[in-house]
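In: build the 3D model from these lines:
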Amino acid sequence: MNVIVLAAGKGSRMKSDTPKVLHTVAGLPMLGHVLKTAAKAGATRLVVVVGHGAAQVQEFAKGFCAQHGLPDPHFALQDPPQGTGHAVAQALGLLDASMPSLVLYGDVPLIRASSLKALRNCLSGGATLAVLTARLSDPYGYGRILRNPDTQRLVGCCEEKDANDSIRAITEVNSGIVLADTQKLKDWVGRLENKNAQSEYYLTDIYAFAHADGQGIETHECKDSLEILGVNSQSQRADLERHFQHQQATLLMSEGVHLADPHRIDVRGELLCDADVQIDVNCVFIGDVKLGQGVCIGPNCVLENVSIDAGARIEAFSQLSHCRVGPLAVVGPYARIRPGSELAEGSHVGNFTEVKNTRLGKFSKANHLSYLGDAVIGERVNVGAGTITCNYDGAEKHMTVIEDDVFIGSDTQLVAPVTVHKGATLGAGTTLTSDAPEDALTLARTRQTTLTRWKRPRKKAH
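Out: So this is what the prediction gives:
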């Protein structure tokens with residue numbers, strides 16, 4: 001199937017230099033949503049019609065398709081824009097005539113693959129044109145579907161600005177999404193004229209051409225009208241964002257996830273949850289996130305591309321990125337786990353502790369105000385408050401190795417590369433520059449001195 005994605009609009013009402021289709025919904029540019037859905041619906045050839053910000057749109061589309069294994073996109077330029085029919089006309093030369101052609105819109109991100117597959121079913125029944133429609137309680141701004149009053153067959157479409165009062169009373173609207181026999185589409189688009197209120201070439205005029213030619217026309221009505229909502233302003237984008245997030249929340253709850261407030265969650269990727277997961281308010285999930293059975297996520301957490309195993313707890317205001325948290329582990333509150341980190345079973349990372357590219361072993365703890373970077377930490381290790389792995393020498397990163405059953409006193413600096421051997425104890429305030437032997441106490445402090453005749457400086461009287 002050919003898929004034409006119209007992505008040439010400037011979006012003046014967005015008040016932004018960013019091309020409209022690159023504004024995000026759920027953390028992904030709207031064009032990305034549409035390209036993914038097109039692929040799920042069976043697209044084998046993608047043609048993206050570009051205009052405003054063409055270079056940016058092309059760069060995104062090529063990178064996105066390559067990253068997600070989608071067909072390589074082809075591009076057609078619409079300059080200047082003269083309506084949807086004119087946009088489709090620019091793509092006709094890039095289509096495979098042996099396949100039908102689907103027209104989508106880069107600023108309609110919530111369209112579902114199931115609706116597009118339903119259109120394909122319409123065409124497989126012998127029709128040469130299939131049109132996606134919806135019914136809106138407030139159809140203002142949308143083209144209205146015109147039907148034969150006797151047969152109820154589609155005979156045309158009338159845009160809002162060209163409609164009279166009786167047509168404006170119609171609640172069935174045109175989504176603009178159509179699937180057509182490619183040879184017929186080329187013929188109909190070639191006959192378009194711009195004799196209308198906007199002096200544009202309307203793609204919807206092909207409906208009347210198909211009817212006049214005696215071609216079979218079928219329609220499929222979206223059960224969820226949110227699918228066809230487009231974005232023309234920041235306000236509309238924000239409304240669409242909330243619609244999308246409400247859908248995600250409803251789906252999660254239907255699968256048994258306990259959400260403290262379904263209106264205060266943001267899923268910007270794919271969130272997979274096992275049984276009895278609890279998620280508090282204002283949490284953001286980015287990319288691919290997996291939450292195991294019984295996981296609890298506290299309020300105001302951000303999780304990006306992470307896996308959290310069964311029974312783990314992520315306490316309030318914690319941020320985790322590209323890492324793994326083992327079963328029954330505890331993170332936070334106010335902790336940051338950075339890429340490359342793995343927290344093993346029963347481990348604890350507490351308040352204001354940062355972990356980067358580090359493996360924290362089973363039942364090991366770093367509960368307060370510490371930085372652990374480029375480290376391998378064994379089992380049952382206690383990391384005291386204020387401990388820092390000094391992993392960077394200004395040019396290269398170096399590893400710190402802390403073996404099992406080590407106790408590290410508060411305010412310790414471990415200057416990598418360095419190893420703390422099994423069972424060792426480091427006294428508080430130690431700056432460790434050489435390996436610490438096992439089962440021994442290592443101290444590195446200056447001797448304490450008291451000056452009995454020393455006087456504290458005082459401010460001079462004025």
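
In: okay, helices next: where are they in this structure?
Out: Using DSSP state H, the helices of the chain run over 30-40, 54-67, 84-91, 113-124, 165-168, 182-190, 205-212, 234-254.

In: report the buried residues of the second one.
Out: By neighbour count, and taking 16 or more other Cβ atoms under 10 Å as the criterion, the buried residues in helix 54-67 are 54, 56-58, 60-61, 64-65. In this view, the C-beta of every residue, glycine as well, is placed from N, C-alpha and C.

In: I'd like to know which elements that helix is packed against.
Out: Here helix 54-67 touches helix 30-40, strand 45-50, strand 73-77, going by 3 or more Cβ pairs under 8 Å, 6 or more residues apart in numbering; DSSP states H and E.

In: which among those is found nearest to residue 270?
Out: Closest approach to residue 270 among these (Cβ to Cβ): helix 30-40, 11.2 Å.

In: quick check: angle from the closest one to strand 45-50?
Out: When axes from the mean of the first three to the mean of the last three Cα atoms, to 10 degrees is applied, the directions of helix 30-40 and strand 45-50 differ by 160 degrees.

In: what residues does helix 30-40 touch?
Out: Contact with helix 30-40 is made by 3, 5, 7, 20-26, 46, 48, 57, 60-61, 64-65, 68, 70-71, 73, 102, 104-113, 116, 231, as judged by Cβ atoms under 8 Å, 6 or more residues apart in numbering.

In: now residue 145. Nearest residue, chain neighbours left out?
Out: residue 172 (4.4 Å; Cβ to Cβ, 6 or more residues apart in numbering).

In: I misspoke; the intended subject was residue 131.
Out: residue 219 (4.9 Å).

In: what is the burial count for that neighbour?
Out: When counting by other Cβ atoms under 10 Å, one arrives at 22 neighbours for residue 219.

In: help me confirm that it comes into contact with residue 132.
Out: Yes - with contacts counted by Cβ atoms under 8 Å, residue 219 reaches residue 132, the gap being 7.4 Å.

In: what is the neighbour count of residue 417?
Out: Counted with other Cβ under 10 Å, residue 417 comes out at 15.

In: that one and residue 45, how far apart?
Out: Note on residue 417: its distance to residue 45, by Cβ to Cβ, to the nearest Å, is 54 Å.

In: now do the helix or strand of the chain with the lowest mean pLDDT: which elements does it pack against?
Out: Least confident helix or strand of the chain, by mean pLDDT, DSSP states H and E, is helix 113-124 with a mean of 92. With contacts defined as 3+ Cβ pairs under 8 Å, 6+ apart, the secondary structure elements packing on helix 113-124 are helix 30-40, strand 101-105, strand 129-135, strand 172-180, strand 217-221.

In: before we move on, the earlier item: quick check on the contacts of helix 30-40: which are buried?
Out: Counted by 16+ other Cβ under 10 Å, those give 3, 5, 7, 20-23, 25-26, 46, 48, 57, 60-61, 64-65, 70, 73, 102, 104-112, 116, 231 as buried.

In: hmm, back to that, export the helices of the chain to CSV and tack on distance to residue 369?
Out: What follows is those, written out as CSV (distance: least, Cβ to Cβ, whole Å):
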stretch, distance to residue 369
helix 30-40, 40
helix 54-67, 38
helix 84-91, 57
helix 113-124, 49
helix 165-168, 65
helix 182-190, 65
helix 205-212, 67
helix 234-254, 34
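
In: next, count neighbours for residue 462.
Out: Neighbour tally, residue 462, other Cβ under 10 Å: 3.

In: pull up the gap between the nearest residue in space to residue 97 that is not next to it in sequence and residue 50, please.
Out: The shortest distance from residue 97 to any non-neighbouring residue, by Cβ to Cβ, 6+ apart, is to residue 182 (4.9 Å). Distance from residue 182 to residue 50, counting by Cβ to Cβ: 21 Å.

In: okay, those two: which has more neighbours?
Out: A direct count of neighbours by other Cβ under 10 Å for residue 182 and residue 50 places residue 50 higher, at 27 against 18.

In: so who does that one touch?
Out: Counting by Cβ under 8 Å, 6+ apart, residue 50 makes contact with 7-8, 57-58, 75-78.

In: quick check: bridge partners of it?
Out: Residues in a beta bridge with residue 50, per DSSP bridges, are residue 7, residue 77.

In: I'd like to know how far it sits from residue 8.
Out: 6 Å.

In: mutual contacts of those two, please.
Out: With Cβ under 8 Å, 6+ apart as the test, residue 50 and residue 8 both reach 77-78.

In: next up, the contacts around the residue nearest to residue 131.
Out: For residue 219, the contact set (Cβ under 8 Å, 6+ apart) comprises 122, 130-133, 145, 154.

In: just the closest of those residues to residue 441, please.
Out: Of those, the one sitting nearest to residue 441 (Cβ to Cβ) turns out to be residue 132, at 74.4 Å.

In: surely residue 426 touches residue 432?
Out: Yes - with contact defined as Cβ under 8 Å, residue 426 and residue 432 form a contacting pair (6.3 Å).

In: between those two, which one's more packed in?
Out: More crowded of residue 426 and residue 432, by other Cβ under 10 Å: residue 426, with 27 against 23.

In: tell me the contacts of that one?
Out: Per Cβ under 8 Å, 6+ apart, neighbours of residue 426: 406-409, 412, 420, 432, 436, 441-443.
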